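Need a 3D model of the following:
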Amino acid sequence: MVERKIFAGPRVRRIRNGLGVTQTAMAEALEISPSYLNLIERNQRPLTVQLLLKLSAVYKVDLEELRHESGGSLTQLKEIFADPLLVGELPGDQELVEVAEAAPNAASGMVKLYRAYREQAARLSDLTSLTIGEGNAPLAGARLPADEVRDVFERRSAYFPRIEAEAEAFASRFADMRDLPFAFREWLRAERGIGVRVLPVHVMPDLRRRFDRHSMRLFVSERLSAPDQAHEIAIEVASLALRDAILAELEALPLTTPEAERIARFELSRYAALAIAMPYAAFLAAAQNARYDIDILRARFGASFAQAATRLTMLQRPDAAAIPFFLMEIDAAGNRLRRAGAFGFPHSGFGGGCPKLNIHVALLQPGQILAEMIEMPGGASYLTISRTLEGPNAPFGERVRRTALLIGCEGGLGQATAYGRIAAAQPAVAVGSACRLCERRGCLSRAEPPVTRPLGLDEMVAGISSFDFQ
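Next comes the predicted model:
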């Protein structure tokens, strides 16, 4: 059987332009004439087997991607133009073939735009059913995919065994290297032909990271701190090197929509990036030796406070487990940004909705670490450590993004940490899981009345709390 000829001129031209080389230079590297390369780039000559192998050897080109690059985009474009809104706009598929082959970036943009349109339409449909549909539609049915993903991650362990195993095996090849960000850059260049560039704010004002698969370059914003830039590079490495493990863990999550699965895949890639930058055994040993001092850990592994604290919640391998930490992050308005835990976030025991928690005080004392013991109404105690986190560097005139992170564990286990002794020297702070569920009387911080008690109705008595109850 004669094999189908491969015409991939636009792809070859993008590779050359992405590398910044002339036709003459590439022709010399491929051992062909510049005129023949020009014909290839104009799709007037096919790629031979010898040229394919040469491209792969010299420029680290994925042959399957080169051969089938436009196939996926073409299929997706056909689906888009089969929509009732667009059907009949094109006389045939030839224009779609030309767009997919000659302008794959534009084709990818069209696919993303159409996908966003369909997902937005689905959300509006859910809201319509909720507001004007017959009967009472369940509120859970109108949740956004991001809410679904957040609930799934909050209620399960922060430990993903498949990712941890592959991450530790992958990280072992860099065990002797002190500069991991440099090592990851070199891995991307040598193994995948991907270059890394840090771009100034005016070039990439709204993005942290962007991978251009056509020029094979990863762009990272200079607005990020050095640890955050390293983390973005590690995410790209993890998504490539640990792809099978990430997909296996994703498959095990109870998600209901494709959009939720995409969001969860991003979250698992971030998890995997922490796992390869702070390998399990090495990080656990360092944590135990440093008595879980987060500042020491972040300095040793070149990480940020948030990255080191998040990594502590993941150390729950059955045969080598750390203290089971949990964490939560909020902004200045009290909005919950994320919650996670070694066994899932302790919603029932800890709650995290009390205004007396030191995470709120931390926002008034930027950069300081606050540690204290707290006591719940049922008698349970927790050690809580809170600190502010700074967002991307902001240009003059733009408001700085500052959030606060709380990491905690059961009070009895807190004595094994560097914070436990100091926190235990002070009286425990009496808190509740949330004002609506808390029955502590005389609380100056109470923001809402409890649902379990009637409010005080005696007009002759005014209690110290904003909401008195009997």
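
Where do the domain boundaries of the chain fall?
For the chain, automatic domain parsing gives the domain ranges 9-106, 149-277, 281-433.

out of those, nearest to A116?
domain 149-277 (9.6 Å; Cβ to Cβ). Quick note: C-beta positions are derived from backbone N, CA and C, even for glycine.

Tell me the pLDDT of the closest residue to G349 other than its chain neighbours.
Nearest residue to G349, sequence neighbours excluded (Cβ to Cβ, 6 or more residues apart in numbering): A380, at 5.7 Å. pLDDT for A380: 92.

Quick one: closest of the domains of the chain to S466.
domain 281-433 (11.5 Å).

quick one on the thing from earlier: tell me how many other residues surround the residue nearest to G349.
14 (other Cβ atoms under 10 Å).

need the contact list for it.
Neighbouring residues of A380 by Cβ atoms under 8 Å, 6 or more residues apart in numbering: 349, 410-411.

So how do I select the buried members of the residues you listed in ChimeraX?
Typed into ChimeraX, the next command selects the buried ones out of the contacts of A380 (criterion: 16 or more other Cβ atoms under 10 Å):
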select :410,411
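
Over to the residue nearest to G349: give its phi and psi.
phi -70, psi 150 (degrees, to the nearest 10).

mind listing the strands for the stretch 101-250 of the chain?
195-199, 209-212, 217-221 (DSSP state E, counting those that start in this stretch).

will you turn those strands into TSV that also has mean pLDDT and mean neighbour count?
Output for the strands of the stretch 101-250 of the chain, formatted as TSV (pLDDT from 0 to 100; neighbours: other Cβ atoms under 10 Å):
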stretch	mean pLDDT	mean neighbour count
strand 195-199	94	16
strand 209-212	91	16
strand 217-221	95	21
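
Same list (those) but as TSV, adding distance to Y419.
As requested, these are arranged in TSV below (distance: least, Cβ to Cβ, whole Å):
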stretch	distance to Y419
strand 195-199	35
strand 209-212	33
strand 217-221	33
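
what stretches of the stretch 1-150 of the chain score poorly on pLDDT?
1-7, 62-74, 87-88, 91, 101-102, 122-142 (pLDDT under 70).

repeat for the stretch 351-470 of the chain
In the stretch 351-470 of the chain (pLDDT under 70), the answer is 454, 456-463, 468-470.

and if we set it to 90?
The model of the stretch 351-470 of the chain has pLDDT under 90 over residues 377-379, 393-401, 421-425, 433-470.

who's in contact with S466?
Contacts of S466 (Cβ under 8 Å, 6+ apart): 446-447.

Distance check, it against L268.
Note on S466: its distance to L268, by Cβ to Cβ, to the nearest Å, is 43 Å.

Spatially nearest residue to G18 (excluding sequence neighbours)?
S215 (3.1 Å).

Next: Y36.
R45 (6.6 Å).

Look at the one you found and give its secondary structure.
coil (DSSP: H, G, I helix; E, B strand; the rest coil).

Please apply the same query to K356.
Per three-state DSSP, K356 ends up coil.

ok so, going back, including distance to A116, could the domains of the chain go into TSV?
Formatted as TSV, the domains of the chain follow (distance: least, Cβ to Cβ, whole Å):
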stretch	distance to A116
domain 9-106	12
domain 149-277	10
domain 281-433	23
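
Relative to R143, which of those is closest?
Here domain 149-277 is closest among these (Cβ to Cβ), at 7.9 Å.

What is the end-to-end distance of that closest one?
24 Å (Cα to Cα, to the nearest Å).

swap in stretch 302-319?
Terminal residues of stretch 302-319 are spaced 27 Å apart (Cα to Cα).

now swap in stretch 148-161 and tell me
Terminal residues of stretch 148-161 are spaced 22 Å apart (Cα to Cα).

Name the residues of it that come out as buried.
So for stretch 148-161, counting by 16+ other Cβ under 10 Å, buried means 148-150, 152-154, 156-160.

just stretch 264-271 next, same as before
264-265, 267-271.
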